[in-house]
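Colleague: quick one, what's the 3D model for this:
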Amino acid sequence: KGFSSTFTGERRPKGDRIFEALGATDELSSAIGLAGEFSSEKGHTFVDQLHKVQCMLQDVGSNLATPLSSAREAHRKRTSFSEKPVLELEQWIDSYSEQLPPLRAFILPSGGRSSAALHFSRAVCRRAER
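Modeller: From the prediction side, this is the model:
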């Protein structure tokens, strides 16, 4: 039954959709961090990309915490970001997708700690997107 503040100082109930979205985004960043640690142990080359995604999610969180209903121009300027990160993510997806054979069946979330952690991150991402 508590309240919390947005970046603009507006007080909202902790169950507000803004805090739901912030929580899901924070959980996604944590899941990606765990996947990054497991992937680093295996020497995977994409660990820096995972770290970059976490940085992108910090920007997303700042934007989410700035409701347009109470944001001044200074708030919007400070928490806006360009489409460049999205384009970069899409390039990564295309690059990795080209390396995979065609998908013919569902993939069970497994394959070792790093793979399982990446599958978990994907599932958390689906919720965060909603």
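Colleague: elements contacting the helix or strand of the chain with the lowest mean pLDDT?
Modeller: The helix or strand of the chain with the poorest confidence is helix 73-79; it has a mean of 82 (mean pLDDT, DSSP states H and E). The helices and strands touching helix 73-79, judged by 3 or more C-beta pairs under 8 Å, 6 or more residues apart in numbering; DSSP states H and E, are helix 47-64. (Glycine included, C-beta is placed from N, CA and C.)
Colleague: what about the helix it packs on, average pLDDT?
Modeller: Mean pLDDT, computed over helix 47-64, is 94.
Colleague: how about that helix: buried residues?
Modeller: Under the neighbour-count criterion of 16 or more other C-beta atoms under 10 Å, helix 47-64 has 47, 49-50, 53-54, 56-57, 60-64 buried.
Colleague: and those residues, which is closest to residue 34?
Modeller: The nearest member of the buried residues of helix 47-64 to residue 34, counting by C-beta to C-beta, is residue 50 at 9.9 Å.
Colleague: can you tell me the SS state at residue 104?
Modeller: coil (DSSP: H, G, I helix; E, B strand; the rest coil).
Colleague: which residues of this protein score low on pLDDT?
Modeller: Residue ranges of the chain with pLDDT under 70: none are present.
Colleague: which residues in the chain form strands?
Modeller: Applying DSSP state E to the chain gives strands spanning 3-5, 11-13.
Colleague: dump the ones you listed into a markdown table; add mean neighbour count and distance to residue 80 as well.
Modeller: Shown next, in a markdown table, are the strands of the chain (neighbours: other C-beta atoms under 10 Å; distance: least, C-beta to C-beta, whole Å):
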| stretch | mean neighbour count | distance to residue 80 |
| --- | --- | --- |
| strand 3-5 | 12 | 20 |
| strand 11-13 | 12 | 21 |
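Colleague: how about those strands in a markdown table, adding distance to residue 116?
Modeller: As requested, those are arranged in a markdown table below (distance: least, C-beta to C-beta, whole Å):
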| stretch | distance to residue 116 |
| --- | --- |
| strand 3-5 | 33 |
| strand 11-13 | 35 |
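Colleague: so which of those is nearest residue 20?
Modeller: It is, among these and with distance given as C-beta to C-beta, strand 11-13, at 10.6 Å.
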